[in-house]
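*Asks:* Mind folding the following:
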Amino acid sequence: LSNLASDHSYVDGIPTEANLDALHSSSDKLRRHGRQLQGGLAVLLGISSAPDRLVWEASWLNDQAATSGTFFPNITLVHAYDVYNNTLPTAVGQVTAVIEGTNVKCDLCSSSATLVNGVATFSTLGLIALPGSTARIVFQSSVASSSVPMDVNMKLCQPGEYLDPIAKMCRDCAAGTFSNIVGASACTNCPPGTATAMTKMTQCTACPSGHEAPQAGSAQCSVCAEGAYSSEDGTSCLLCDLGKFQDAAAQSACKNCADGSIAPGMGSQACQQCAPGSYSEPDHRACASCTPGSYQDKAGQDSCSICPLGAYTLDAGAVICQQCAPGTRGNSSRQGCIDCEPGTSSALFAVTECTPCPLGTHQTVGGQQGCNRCPTTPATYTPRVGWSKKCITCHPGANCTYQQFFGVKRGWWSYRSLTIMDGGEILSPD
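*Replies:* Residues are numbered from 1 along each chain as shown. The predicted structure is shown next:
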């Protein structure tokens, strides 16, 4: 006290407020130490003392908060002090934890404990109180006066939790929900395209490729089935478009049909081969029939072949080409055949050109398989190949052999030159 009295924190002989606080604190310490010395002396002299008051010990309150509905983090000790501020080992009796306030209760916890060697141990003490509030406990006993109140700071709901105001407790966010702030009053549904199957989550997880979560609050993402794929944001599974397919589940894209195959409907799980007589269109949405003049004899093709010259198809969707019959020749359109012209013929199938009638033969009608030889009685002939008219009769003095004209016979003469005309007449020029 003399040290404090000599302190310079005085103004005009009057102590300052800070110095008064120091004086009071020092006085309390002096009195406490004095009473402890008195108590120790009483024990040495064999003088017994009665319990005076209860004093609690819970050092964890300095840096931790209690969670509503759970036990305190550490054991709470309550001492029975005598008048000399010493723990009284001979004190016996029950110590009860009394919860102050109408919205606070002790539930499923030890509300009383027995003094052993002057100390009551509360190993399972806990409160149910509104998170974020301050609760108060007073320890009472029939053998000593009550303790000073013990203020307990109730822990706010943490991320992943929400406040249940009726139960006055923090609850874990359910699957499909989350909270990412301290003191949340409610959990938020996972947005579409995200999900969480676990509780007490601070965020949701985006659906992986090939999965969907179309609704808010999804606990898990659903797998996209065969014939579908997932959107970029994972909010839905989309059917494969025409011309595409998907034969596996949980995919992020569909596949293009191979050449010669198609997917004519939405959501195809496989492609269909185009049948013979058809081919796949470039977008693989449908098969097209081969046009007249073309064919396809195999399945699963992306084009048709043009019939060779000398063959044809008249209808669409042909599997094979028909050969041009004898007496005809191929048409450049491949959509039919052309009859051989008079003076020509064809004896075979699938010819590209008709053959001119050789010397000594003729053909006056089109579309024939052969030429007719000129008659020998009377002697006749043809002046050139490809003769399309009647054979010419040989005149007396003409040299016709093998239905051909070789000039005037030996021993015959003519004062005029002979001119063989197409009409078979022998004319003399004027």
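*Asks:* Can you name the residues that contact the residue nearest to Gly227 when sequence neighbours are not counted?
*Replies:* Closest residue to Gly227 apart from its sequence neighbours, by Cβ to Cβ, 6 or more residues apart in numbering: Gly267 at 3.9 Å. C-betas here are computed from N, CA, C, even on glycine. Residues counted as contacts of Gly267 (Cβ atoms under 8 Å, 6 or more residues apart in numbering) are 227-228, 239-240.
*Asks:* Gln158 now?
*Replies:* Taking Cβ under 8 Å, 6+ apart, one finds 170, 182 in contact with Gln158.
*Asks:* And Ser179, by the same measure?
*Replies:* 157, 159-162, 173, 186-188, 202.
*Asks:* hmm, which of the residues you listed are the buried ones?
*Replies:* 157, 159-162, 173, 187-188 (16 or more other Cβ atoms under 10 Å).
*Asks:* so which of these comes closest to Val143?
*Replies:* Cys157 (39.8 Å; Cβ to Cβ).
*Asks:* quick one on the thing from earlier: can you pick out the most distant pair from the contacts of Ser179?
*Replies:* Once Cβ to Cβ is applied, the contacts of Ser179 give Ala186 and Thr202 as the farthest pair, at 14.4 Å.
*Asks:* Turn the contacts of Ser179 into JSON lines, including distance to Thr96 and secondary structure.
*Replies:* Output for those, formatted as JSON lines (distance: Cβ to Cβ, whole Å; DSSP: H, G, I helix; E, B strand; the rest coil):
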{"residue": "Cys157", "distance to Thr96": "30", "secondary structure": "coil"}
{"residue": "Pro159", "distance to Thr96": "37", "secondary structure": "coil"}
{"residue": "Gly160", "distance to Thr96": "36", "secondary structure": "coil"}
{"residue": "Glu161", "distance to Thr96": "31", "secondary structure": "strand"}
{"residue": "Tyr162", "distance to Thr96": "33", "secondary structure": "strand"}
{"residue": "Cys173", "distance to Thr96": "37", "secondary structure": "coil"}
{"residue": "Ala186", "distance to Thr96": "37", "secondary structure": "coil"}
{"residue": "Cys187", "distance to Thr96": "38", "secondary structure": "coil"}
{"residue": "Thr188", "distance to Thr96": "43", "secondary structure": "strand"}
{"residue": "Thr202", "distance to Thr96": "40", "secondary structure": "coil"}
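*Asks:* Same list, these, but as a markdown table with distance to Ala347 and pLDDT please.
*Replies:* What follows is those, written out as a markdown table (distance: Cβ to Cβ, whole Å; pLDDT from 0 to 100):
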| residue | distance to Ala347 | pLDDT |
| --- | --- | --- |
| Cys157 | 103 | 93 |
| Pro159 | 97 | 97 |
| Gly160 | 96 | 97 |
| Glu161 | 100 | 97 |
| Tyr162 | 99 | 96 |
| Cys173 | 94 | 98 |
| Ala186 | 97 | 97 |
| Cys187 | 94 | 98 |
| Thr188 | 91 | 98 |
| Thr202 | 93 | 98 |
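*Asks:* In CSV, list those residues along with distance to Ala316.
*Replies:* Converted to CSV, the contacts of Ser179 look like this (distance: Cβ to Cβ, whole Å):
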residue, distance to Ala316
Cys157, 75
Pro159, 70
Gly160, 68
Glu161, 72
Tyr162, 70
Cys173, 66
Ala186, 68
Cys187, 65
Thr188, 62
Thr202, 66
